[in-house]
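Student: what follows is a predicted structure for the sequence shown.
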Amino acid sequence: MNEKLALVLVGREEDRKLKEVLPHAGWVELRVDQFLSLGSEDELIPWVERVRENTSGRLIATVRWFREQGNPAYRISDSDRQRLYQVLLPLVDYLDVEIKSALARKLVELSHQHSKKVILSYHNFKACPLESGLIRLAKEFRRLKGDILKIAVKVNQPRELLRLLEFTVRYGQVYPVVVIPMGTELLERLMPLFFGSAFTYVAASSKTAPGQPDYLEFTRVYRLLVTENKERKH
């Protein structure tokens, strides 16, 4: 099982494919908003239960706020998002909610009451925040008492990638962080994993973010990087 791999599912994956890749994922993200854009809510719980049966990885339920979707496929009101999160909470290990969402504090409190955890996430598909903006996100994360801070932002210049790596090194030693530079080459996207990022997101079939690798792309390149890193140390 690869603890650095979070497999992203949207509900349209073939059963054969799922059984092949799920055992290798330390994390599994269920993109509920993507699932509901094409499927019925009546099918949601059976889907989640079917995934749970085929993995020992930690399940993440994500009902993404339309304002932080790359290409909004399905708009879900905050009241419906909260209801869906409450329904899914007993079936998963983590909820993913946007740190700027009005639901963030409520869902952190609810999750902790049920001994579950929360990823507080921030997405920007156009730009990378300045260092001061990243620090504000870290402070808000601490204030809300989340469990993992996820930052996925568009990188337009090399110095922005360096900024993200510096943030990863600094804050990854304090609490779990997931840092994803979007719009970069695959090697650059995976760099935060070697600077303290807990894991990265990998598509099982449908890609949900710019530059997101699929399972085969990730495993091929990540194994090469790990092997090269070990050889350099020796």
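Tutor: All right, it came through fine.
Student: what about the chain, any weak spots by pLDDT?
Tutor: Within the chain, the ranges that satisfy pLDDT under 70 run 1, 71-73, 227-234.
Student: helices of that one, start to end?
Tutor: Taking DSSP state H as the test, the helices found in the chain are 15-21, 32-38, 44-53, 78-88, 104-113, 131-144, 158-172, 186-190, 215-233.
Student: deepest in the core, which of those is it.
Tutor: helix 32-38 (a mean of 20; mean count of other Cβ atoms under 10 Å). C-beta here means a position set from N, CA and C on the backbone, and glycine is covered the same way.
Student: mind listing the residues bridging to the residue nearest to Phe141 when sequence neighbours are not counted?
Tutor: Excluding the flanking residues, the one nearest Phe141 by Cβ to Cβ, 6 or more residues apart in numbering is Leu149, at 4.4 Å. Beta-bridge partners for Leu149, by DSSP bridges, are Leu120, Val177.
Student: roughly how far apart are Leu149 and Asp15?
Tutor: 34 Å (Cβ to Cβ, to the nearest Å).
Student: same thing with Ser205?
Tutor: From Ser205 across to Asp15, the span is 12 Å (Cβ to Cβ).
Student: do the same with Gln212
Tutor: Relative to Asp15, and taking Cβ to Cβ, Gln212 is found at 22 Å.
Student: measure Leu95 to Gln69 for me?
Tutor: 17 Å.
Student: so which of the two has more stuff around it?
Tutor: Each of Leu95 and Gln69 has its neighbours counted (other Cβ atoms under 10 Å); Leu95 has more, 24 against 18.
Student: for that one, which residues are in contact?
Tutor: Leu95 sits next to 60-62, 85, 88-89, 107, 111, 116-119 when contact means Cβ atoms under 8 Å, 6 or more residues apart in numbering.
Student: burial measure for the nearest residue to Val179 once chain neighbours are set aside, as a count.
Tutor: The shortest distance from Val179 to any non-neighbouring residue, by Cβ to Cβ, 6+ apart, is to Pro192 (4.2 Å). Residue neighbour count, defined by other Cβ under 10 Å, stands at 25 for Pro192.
Student: Pro192 contacts Pro181, correct?
Tutor: Yes. The pair Pro192 / Pro181 is scored as a contact, 7.0 Å apart, by Cβ atoms under 8 Å.
Student: distance of the residue nearest the centre of the chain from Val28?
Tutor: For the chain, the residue sitting closest to the mean C-alpha position, by Cα atoms, centre = their mean, is Tyr201 at 5.6 Å. According to Cβ to Cβ, Tyr201 stands 10 Å off from Val28.
Student: what touches both of the two?
Tutor: Common neighbours of Tyr201 and Val28, counting by Cβ under 8 Å, 6+ apart, are Ala6.
Student: contacting residues for the residue nearest to the centre of the chain?
Tutor: Contacts of Tyr201 (Cβ under 8 Å, 6+ apart): 6, 8, 29, 152, 180, 208-209, 212.
Student: how about a cut-off of 10 Å?
Tutor: Residues near Tyr201 by Cβ atoms under 10 Å, 6 or more residues apart in numbering: 5-8, 27, 29, 31, 60, 150, 152, 178, 180, 189, 207-209, 212-213, 218.
Student: ok, Ile99 next?
Tutor: Per Cβ under 10 Å, 6+ apart, neighbours of Ile99: 68, 118-123, 136-138, 140-141, 143-144, 146, 149-151.
Student: swap in 6 Å and give it another go.
Tutor: Residues near Ile99 by Cβ atoms under 6 Å, 6 or more residues apart in numbering: 120, 122, 140.
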